[in-house]
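Colleague: would you be able to build a 3D model of this:
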Amino acid sequence: MQVSPSSADDFIAPPCLEEITILFQDEHLLLINKPSGLLSLSGKNPANLDSVHYRLVKDFPGCTLVHRLDLGTSGIMVIARNKQINALLCKQFSERTVLKTYTALLFGELNKDNGVIDAPIAKDKPNFPLMKICEKEGKAARSLYRVLALESYSSLDKNAEINSSNEKAIDHLLPVTRVEFIPETGRTHQLRIHSDYFGHPIIGCDLYGSEISYRLAPRLMLHATRLEFDHPITGERVFANSLCPF
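Modeller: Numbers count the residues shown, from 1 in each chain. I've put the predicted structure just below:
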């Protein structure tokens, strides 16, 4: 794996050259599309200053994050433009009235068209930042999935150096499954660890899965495609979408 627990505190995110896209804005909130490779919130290390919040606060003073997406995850986020709106939106998240939908590419071929992954998640303290499935210490975590398509990905590592003998690498097509995820809870790394737990890690994931599944994609193949919530002022149900880039 690319990121080891022992080096987590020293991790510096590579520069993210992609811009944030504003999908919608009013005086109360923003809907944005976060690129993969951008932190949601600036890290403790000064080298990890660039983030969604760091960029947006320059143009929208007082804006605050209501929720986060992992560094490698791309897709839709809702941003509050003041503390009052933040509190109202956070209440919806805590009461689980916000519907989140993700698209992911999983390693291997799933044998069921849909299902539920119900496995409690806890911090894996000796191996920070990893999480773990733990019946004794874990908090309830539940993810619904639905198969969208069966696909294949090249096993040829495009970043690998050409060996000295100039032998041509053998390229194999490996099966992957495109799925739609709806997490009913919002635990840290929930979709990543749940996917790995039932034997089909998200390809491109640097924390969970195998070396093969990690190297199969140039990024974490997880995208937040849809967000549904009640507008904190008007009460109108908001249906926000972000097209999956892969």
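
Colleague: what residue ranges in the chain score low on pLDDT?
Modeller: Flagging of the chain using pLDDT under 70 yields the residue ranges 1-9, 156-171.

Colleague: in it, which residue is most central in space?
Modeller: For the chain, the residue nearest the mean C-alpha position is T73 (3.3 Å; C-alpha atoms, centre = their mean).

Colleague: look up phi and psi at that one.
Modeller: Here is the backbone geometry of T73 (degrees, to the nearest 10): phi -80, psi 140.

Colleague: what residues does it make contact with?
Modeller: Neighbouring residues of T73 by C-beta atoms under 8 Å, 6 or more residues apart in numbering: K34, S36, Y102, L220, L222, H223, A224. For the C-beta atoms, the positions are set from N, CA and C on the backbone; glycine is no exception.

Colleague: repeat that for 6 Å
Modeller: By C-beta atoms under 6 Å, 6 or more residues apart in numbering, the contact set of T73 is L222.

Colleague: tell me how far it lies from L174.
Modeller: Remark: distance between T73 and L174 (C-beta to C-beta, to the nearest Å) = 22 Å.

Colleague: do C90 as well
Modeller: In this view, C90 and L174 are 41 Å apart by C-beta to C-beta.

Colleague: what helices or strands is the lengthiest strand in the chain leaning on?
Modeller: If you go by DSSP state E, the chain has its longest strand at strand 142-154. Judged by 3 or more C-beta pairs under 6 Å, 6 or more residues apart in numbering; DSSP states H and E, strand 142-154 is in contact with strand 114-118, strand 173-183.

Colleague: how about the first one: buried residues?
Modeller: Applying a neighbour-count criterion of 16 or more other C-beta atoms under 10 Å, the buried positions in strand 114-118 are I117.

Colleague: that strand vs strand 142-154, what angle?
Modeller: 120 degrees (axes from the mean of the first three to the mean of the last three C-alpha atoms, to 10 degrees).

Colleague: and the angle from strand 114-118 to strand 173-183?
Modeller: Counting by the same axes, to 10 degrees, strand 114-118 points 70 degrees away from the direction of strand 173-183.

Colleague: partner strands of strand 114-118, with direction?
Modeller: Partners of strand 114-118 in the sheet, by DSSP bridges, are strand 142-154 (antiparallel).

Colleague: dump the partner strand to CSV, restricted to CA.
Modeller: Provided in CSV are the C-alpha atoms of strand 142-154 (Å, rounded to 0.1, in the frame of the first residue of the first chain):
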residue,chain,number,x,y,z
ARG,A,142,-24.6,0.1,7.2
SER,A,143,-24.1,0.5,3.5
LEU,A,144,-26.5,-0.3,0.7
TYR,A,145,-25.2,-1.2,-2.7
ARG,A,146,-26.6,-1.8,-6.2
VAL,A,147,-24.6,-3.2,-9.2
LEU,A,148,-24.7,-0.8,-12.2
ALA,A,149,-22.4,-2.6,-14.6
LEU,A,150,-19.6,-5.2,-15.0
GLU,A,151,-16.5,-3.8,-16.5
SER,A,152,-12.8,-4.6,-16.9
TYR,A,153,-9.5,-2.8,-16.2
SER,A,154,-6.0,-3.2,-17.5
